[in-house]
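Chemist: Here you go, sequence then predicted model.
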Amino acid sequence: MTATRRLAAILAADVAGYSRLIGADEGGTLQALKAIRAALIDPTIAAHNGRLVKTTGDGLLVEFSSVVDALQCATEVQAGMVERNASAPADKRIEFRIGINMGDIVVEDGDIFGDGVNVAARLEALAEPGGICVSARVQEDAVGKHDLAFEDIGEQALKNIARAVRAYRIGTGPVSAAAKETPALALPDKPSIAVLPFTNLSGDSEQEYFADGMVEEIITALSRYPSLFVIARNSSFTYKGRAVDVKLIGRELGVRYVLEGSLRKSANRIRVSAQLVEAETGKHVLAERYDGELTDIFAVQDEITEAATIAIAPAIAEAELQRALRKQPGSLDAWAAYQRGLWHLGKFAHEDNALAEKFFREAINLDPTFAGGYRGLGYAQFQVTMSGFQKRSLPEAQSSAEALARRAVGLDGADAEARTFLGEMLLYRGDHEGALTEAERALAMTPNLAGAHGWRGSALIFSGRVDEGLASLRTSIRLDPRDPLLALRLNHVAMGLYLSREYEAAIEAARRGIRSNPDFPSTHRWLAASLGQLGRLEAAKAALETAIAIAPASFDAFVRQRVPWHRPQDYAHMLEGLRKAGWGG
């Protein structure tokens, strides 16, 4: 018979753990599979216009003319299996892995061959028990036609396939009736996350311990963040080996975010893929991939754990900010009001400062025990004076802000963010050692807290330890590249470089800070001083004029008299550069 070619959606499925099931109960397993075929699989294939091409002992191959039909069939089968397995003992559950690809196939004597078929079979091997894995072509064709959450697991090197294939995992369909009847746990009053056991895709049982250990370390590291509510390992690991929908996990554990991932070993390399998903919507907040050589497996584990943890906290902070901005003001909770306040605070503008203060007061009113509200209010009040928007003396503003900082620490002395805020206020009083002590206490509690690294860096620079301070500031920026206070961090980097007489580097840092926020006045001042030191008088004069025009009162407060946190020699050095830039005060 002559072979023909056509484009088709191919579904490949097999039974996870088939050999174990057969070894334990051959007759019972074969009988159960026969019943599943008759009652669920064959009718579902027929209902969605599929053609069962062939079956093997533990699998089957199905052809569809439409990706939509193939996906609908797969999700209905997996949802049906969840219900069938609900009352079965764990060691007797039959779970299918399904792979779907859209591609060119060769049809001969009723059978199908070709690259399109081979990719579907390899994708099936990537799927979790009870799960579905599809190619990018399937994902693209299904967008807008299926209410499914597609989880990008990156480019995959598939056995005997010449090119890398981008793959996606998808949920297994609607939540069962029993799950719908289970009341959802109330969400905590701050961002909440569950870290699920990572799936071992390597076929090497030794990597199971590697993956589990890494997940445990990520849970421990995230638990140190005072701004996060992290589900304990014992609860997260109840989902090990199960294919579950993230929306269901969000309901069952009462969390807003779920981190899931997979691990694959190839030769002497290991690859870990991780996805942070908003449970309620299924939306991807973060997708990362980490690679490492297995020469020292524990070093690789630590490296990947640290990289994942560093990425997660800022991603959640950004997602929380976007969530807060979407809410109507009348529907804000304390955490969302705090996030709105931070957003306005980072604008460094008069109207935004006033709005920030309003939102921080609202956070305190909604929850008087929430330390974040006091931190934010103290900073907003201090910043409004520093920027020259409020006629209030710096000592008065500093004293008021420090009182709010101490209130925040009093509410929770183990809150690393409250300790960081207190350190910041001590710095502005001119107590460099006190500021360093509080920042280092915060870092002892939460080693990757970006704000603590930032204020530690500032305190070190103001106390004359510039190289150490610049290193801390750069760590802060790496940990939180979208920090609402990024303009301030970059301003202190520019200042540190200026004080080290690295004027070219200071100019570059200042210009980066100005790109981050053109309305932040202090950065223009350090740019003017640096340009003045290098004799670039035209550019220096322009920067000086901008610094004065943006906030005249702020310029006067910083330049016409020495503020408490500046050492006399650093103040004199700054004035020297400004005078060379054309300032005649």
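Modeler: Sure, I can see it.
Chemist: For the rest of this, base every contact and every neighbour count on C-alpha atoms.
Modeler: Fine.
Chemist: element containing Ala274?
Modeler: Ala274 is located in strand 269-278, with elements delineated by DSSP states H and E.
Chemist: tilt between the helix or strand just after that strand and strand 269-278?
Modeler: Downstream of strand 269-278, the next assigned helix or strand under DSSP H and E is strand 283-293. Orientation note: strand 283-293 sits at an angle of 170 degrees relative to strand 269-278 (axes from the mean of the first three to the mean of the last three C-alpha atoms, to 10 degrees).
Chemist: who does strand 283-293 touch, helix- and strand-wise?
Modeler: Using 3 or more C-alpha pairs under 8 Å, 6 or more residues apart in numbering; DSSP states H and E, the elements in contact with strand 283-293 are strand 150-156, strand 269-278, helix 297-326.
Chemist: export those to JSON lines and tack on distance to Ser399 and mean neighbour count?
Modeler: Listed next are the helices and strands packed on strand 283-293 as JSON lines, based on distance: least, C-alpha to C-alpha, whole Å; neighbours: other C-alpha atoms under 10 Å:
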{"stretch": "strand 150-156", "distance to Ser399": "50", "mean neighbour count": "20"}
{"stretch": "strand 269-278", "distance to Ser399": "41", "mean neighbour count": "21"}
{"stretch": "helix 297-326", "distance to Ser399": "29", "mean neighbour count": "18"}
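Chemist: CSV please, covering the ones you listed and showing distance to Tyr338 and mean pLDDT.
Modeler: Output for the helices and strands packed on strand 283-293, formatted as CSV (distance: least, C-alpha to C-alpha, whole Å; pLDDT from 0 to 100):
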stretch, distance to Tyr338, mean pLDDT
strand 150-156, 30, 75
strand 269-278, 20, 84
helix 297-326, 9, 76
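Chemist: check contacts around the residue nearest the centre of the chain.
Modeler: For the chain, the residue nearest the mean C-alpha position is Ala315 (2.9 Å; C-alpha atoms, centre = their mean). Applying C-alpha atoms under 8 Å, 6 or more residues apart in numbering to Ala315 gives the contacts Val285, Leu286.
Chemist: repeat for Asp115
Modeler: Asp115 touches Gly103, Asp104, Ile105, Ile161, counting by C-alpha under 8 Å, 6+ apart.
Chemist: before we move on, what about Arg579?
Modeler: Ala529, Gly532.
Chemist: For Lys358, list the residues it contacts.
Modeler: Gly341.
Chemist: so where's the stretch 401-550 of the chain shaky on pLDDT?
Modeler: The model of the stretch 401-550 of the chain has no residue with pLDDT under 70.
Chemist: Ile94 contacts Asn85, doesn't it?
Modeler: Yes. Using C-alpha atoms under 8 Å, Ile94 is in contact with Asn85, at 7.2 Å.
Chemist: Between the two, which is the more surrounded one?
Modeler: Neighbour totals were compared for Ile94 and Asn85, and Ile94 leads with 22 against 14 (other C-alpha atoms under 10 Å).
Chemist: Excluding residues flanking it in the chain, which one is nearest the more buried one?
Modeler: Val15 (6.7 Å; C-alpha to C-alpha, 6 or more residues apart in numbering).
Chemist: Show me what the one you found bridges to in the sheet.
Modeler: Counting by DSSP bridges, Val15 is bridged to Phe96.
Chemist: From Ala408, how far off is it?
Modeler: 55 Å (C-alpha to C-alpha, to the nearest Å).
Chemist: When the two are compared, which one has more neighbours?
Modeler: Remark: of Val15 and Ala408, Ala408 carries more neighbours, 26 against 19, as counted by other C-alpha under 10 Å.
Chemist: mind listing what's buried in the one helix or strand that one maps to?
Modeler: Element membership for Ala408, per DSSP H and E: helix 394-411. For helix 394-411, burial by neighbour count (16 or more other C-alpha atoms under 10 Å) applies to 394, 397-402, 404-409.
Chemist: Could you dump the residues you listed into CSV and include distance to Val68?
Modeler: Listed next are these as CSV, based on distance: C-alpha to C-alpha, whole Å:
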residue, distance to Val68
Leu394, 65
Ala397, 63
Gln398, 63
Ser399, 64
Ser400, 62
Ala401, 59
Glu402, 60
Leu404, 57
Ala405, 57
Arg406, 59
Arg407, 58
Ala408, 54
Val409, 56
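Chemist: List just the nearest of these to Gly430.
Modeler: Distance to Gly430, by C-alpha to C-alpha, is smallest for Gln398 among the buried residues of helix 394-411, at 10.3 Å.
Chemist: Now do the end-to-end distance for stretch 382-397.
Modeler: 5 Å.
Chemist: Looking at that stretch now, give me its mean pLDDT.
Modeler: Average pLDDT, stretch 382-397: 70.
Chemist: what do you get for stretch 91-100?
Modeler: If you average the pLDDT over stretch 91-100, you get 88.
Chemist: residues in contact with that stretch?
Modeler: With contact meaning C-alpha under 8 Å, 6+ apart, stretch 91-100 is reached by 9-16, 21, 70-71, 74, 78, 81, 85, 120-135, 138.
Chemist: Mind checking which of those residues land in strands?
Modeler: Counted as lying in strands by DSSP state E, out of the contacts of stretch 91-100, are Ala9, Ile10, Leu11, Ala12, Ala13, Asp14, Val15, Ile132, Cys133, Val134, Ser135.
Chemist: Turn the residues you listed into TSV, including distance to Ala471.
Modeler: Shown next, in TSV, are these (distance: C-alpha to C-alpha, whole Å):
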residue	distance to Ala471
Ala9	54
Ile10	54
Leu11	53
Ala12	53
Ala13	53
Asp14	53
Val15	53
Ile132	45
Cys133	43
Val134	44
Ser135	43
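Chemist: Tell me the one of those nearest Lys265?
Modeler: Out of those, the member with the shortest distance to Lys265 (by C-alpha to C-alpha) is Cys133, at 18.7 Å.
Chemist: per-residue pLDDT, the closest one?
Modeler: So Cys133 comes in at 92 (pLDDT).
Chemist: As a check, name the ranges of all strands in the stretch 151-300 of the chain.
Modeler: Here the stretch 151-300 of the chain has its strands, by DSSP state E, counting those that start in this stretch, at 165-170, 192-195, 199-200, 229-230, 257-266, 269-278, 283-293.
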